[in-house]
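**Q** sharing a sequence plus its predicted fold:
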Amino acid sequence: MHTQNVFEEYLDAQPLFNKNRRGVLRPEYIPSTLPHREAEVKQLASIMITALRGNRPSNILIFGKTGTGKTATVRYIEKEMADMKQRVKEGKNASHVKDLSPVDHIYINCEIVDTPYGILQNIGNRFIRVFQERIPFTGWPLEKVHEEMRKNLDAQPRVLVVVLDEIDKLFYKSGDDVLYNLLNLNDTLVNAQVSIIGISNDLKFTEFLDPRVKSRLGEEKLIFPPYNAQQLGDILRERADLAFREGTIDEEVISLCAAIGAKEHGDARRAIDLLRVAGEIAERRKAEAVMERDVYRAKNQIELDCIREVVRTLPEHSKVVLLGIYFSAKEGRDDLTTGEVYDMYQQLCKQVGTSPLTQRRITDLISELDMLGIIHARVISKGKYGRTREIALSVPPREVWNALGEDHAFQDISPPRMRIQSTISKF
DNA sequence: TGTCCACTGGAAGGGAGGGCTT
DNA sequence: AAGCCCTCCCTTCCAGTGGACA
């Protein structure tokens, strides 16, 4: 009897995924058709056709919740435009058009690039010529970056479509000056023309825009409704057919993923993630097919991974704040005030050996934790005893500790003592 | 009905850190 | 080296406030 190689048992098991097709279930994959987005694709195409004819298409704002196919639709249109140009070039198109204008796209995710400098620098560097120096990522005055970008862009005739994904983030962070500048760019361009596609899941943000920016940015508006369970099912089925080997996934599993996705405001990304992770879990347990229980496990795993990742990458002081909230959650407290949290935070800082930030700053960190969904924090009034936030952990304490525990600084920390509250001390 | 607490959250600005320019 | 610029993180200052209590 010979010893077994560690990989042997896995090699024998039949994989569930088709070879090299796992990517079909990744968020960045652009499918060849977009089920239940035909109307939106058509509408977008009817606007963008102007670009292929060499004119500036209207600026567009696209709204819709996460996972409603906004980004996918825009990227799909980009792909189709590139494809159309290729066809015309090769003379394979059905129409009698002989030549199409050069159209460029630049995609910027404003969650990552959220400063005026960053936006201008990104666009500027998209069109650098050979031997030309790139715009550095910091150091230049804004005005110079703007001028350099304008020059690069205008070097030859073209239509540039700037896609600003999560455009609301850019606005909330840096105001609407950049948008204003981009919208007015056309006035100073001789050869090139620019139009903007803004993508956002926040319908409200336009209310706060400068009226001039608002009207020019929203020349056309598209709203993407959430998918329902049946539509999600269609999307998943199409992807599953590509990604999985035949007979390894059945209708129930797909329906379940679709149902869960539909519950989460029709989020296709979630549903697709779910399917992929369920497949990976099933494969790991060397199953012949993906089962419903794999989906439930996947759901659980995705949620935990998400919490863990968020907590792990928190800045140090946010971690200390969270640690305090964690300790009191273990004591069953779910009604902490800002003052109490700050008190614990100060004590913990002493233990960790770092100097505490001001309470004003901590209120901001608390808001951030709230937005990340790790804690709940709502403003309440305790009447005579003041106005404050009521703070509670909104994820399982154990998971918080698992993630925080990875940090060496927190390994042997003892729970802080709770301040005696004035509301209690009156007895 | 007014008081008053424990904050909230906006505004302004300082300073460090990245890097460019002269 | 000195002087800029932009961004990030933080502090300081402070007007504003919901509602229990006297």
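**A** On my side now, so go ahead.

**Q** state the distance from residue A:158 to residue A:213.
**A** 24 Å (Cβ to Cβ, to the nearest Å). Every residue, glycine included, has its C-beta placed from N, CA and C.

**Q** confirm residue A:198 sits in a helix?
**A** No - read with DSSP: H, G, I helix; E, B strand; the rest coil, residue A:198 is strand and lies in no helix.

**Q** so it bridges to which residues?
**A** residue A:61, residue A:164 (DSSP bridges).

**Q** burial check on it, number of neighbours?
**A** Other residues within reach of residue A:198, judged by other Cβ atoms under 10 Å, total 25.

**Q** ditto for residue A:128
**A** Count around residue A:128 with other Cβ under 10 Å applied: 14.

**Q** and if you look at residue A:219?
**A** 14.

**Q** tally of neighbours for the closest residue to DNA strand C within chain A?
**A** DNA strand C sits closest to residue A:383 of chain A, with a gap of 1.6 Å, by Cβ to the nearest atom of the strand. A count of nearby residues for residue A:383, using other Cβ under 10 Å, gives 8.

**Q** now the helices for the stretch 201-350 of chain A?
**A** A:211-217, A:229-243, A:251-263, A:268-284, A:292-312, A:316-330, A:338-352 (DSSP state H, counting those that start in this stretch).

**Q** possible to save those helices as CSV with mean pLDDT?
**A** As requested, these are arranged in CSV below (pLDDT from 0 to 100):
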stretch, mean pLDDT
helix A:211-217, 92
helix A:229-243, 96
helix A:251-263, 96
helix A:268-284, 95
helix A:292-312, 95
helix A:316-330, 97
helix A:338-352, 97
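
**Q** so which of the ones you listed comes closest to residue A:88?
**A** Of all the helices of the stretch 201-350 of chain A, helix A:229-243 sits nearest to residue A:88, with 28.6 Å by Cβ to Cβ.

**Q** quick one, the closest one and helix A:268-284 angle?
**A** If you take axes from the mean of the first three to the mean of the last three Cα atoms, to 10 degrees, helix A:229-243 sits at 50 degrees to helix A:268-284.

**Q** count residues in the vicinity of the closest residue to DNA strand B within chain A, would you?
**A** Closest approach between chain A and DNA strand B, counting by Cβ to the nearest atom of the strand: residue A:386, at 1.7 Å. Applying other Cβ under 10 Å, we find 13 residues neighbouring residue A:386.

**Q** so what does it look like in phi/psi?
**A** For residue A:386, the backbone dihedrals (degrees, to the nearest 10) come out as phi 90, psi 180.

**Q** quick check: it vs residue A:312, distance?
**A** Counting by Cβ to Cβ, the gap from residue A:386 to residue A:312 is 34 Å.

**Q** ok, now which ones touch the most centrally placed residue in chain A?
**A** Geometric centre of chain A, nearest residue: residue A:111, 7.3 Å, by Cα atoms, centre = their mean. Listed by Cβ atoms under 8 Å, 6 or more residues apart in numbering, the contact set of residue A:111 reads A:165, A:166, A:169.

**Q** could you do residue A:233 as well?
**A** A:254, A:255, A:258.

**Q** contacting residues around the residue nearest to it when sequence neighbours are not counted?
**A** In space, and not counting its chain neighbours, residue A:233 is closest to residue A:258: 4.0 Å by Cβ to Cβ, 6 or more residues apart in numbering. By Cβ under 8 Å, 6+ apart, the contact set of residue A:258 is A:229, A:230, A:232, A:233, A:236, A:271.

**Q** save the residues you listed as JSON lines, and put in distance to residue A:415 too.
**A** Output for the contacts of residue A:258, formatted as JSON lines (distance: Cβ to Cβ, whole Å):
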{"residue": "A:229", "distance to residue A:415": "45"}
{"residue": "A:230", "distance to residue A:415": "50"}
{"residue": "A:232", "distance to residue A:415": "44"}
{"residue": "A:233", "distance to residue A:415": "48"}
{"residue": "A:236", "distance to residue A:415": "46"}
{"residue": "A:271", "distance to residue A:415": "40"}
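
**Q** those residues: which two are farthest apart?
**A** Greatest spacing in the contacts of residue A:258, by Cβ to Cβ: A:230 and A:271 (12.1 Å).

**Q** looking at the two, which one has more neighbours?
**A** residue A:271 (28 against 12).

**Q** wait, that one sits on residue A:260?
**A** Yes - counting by Cβ atoms under 8 Å, residue A:271 touches residue A:260, with 6.8 Å between them.
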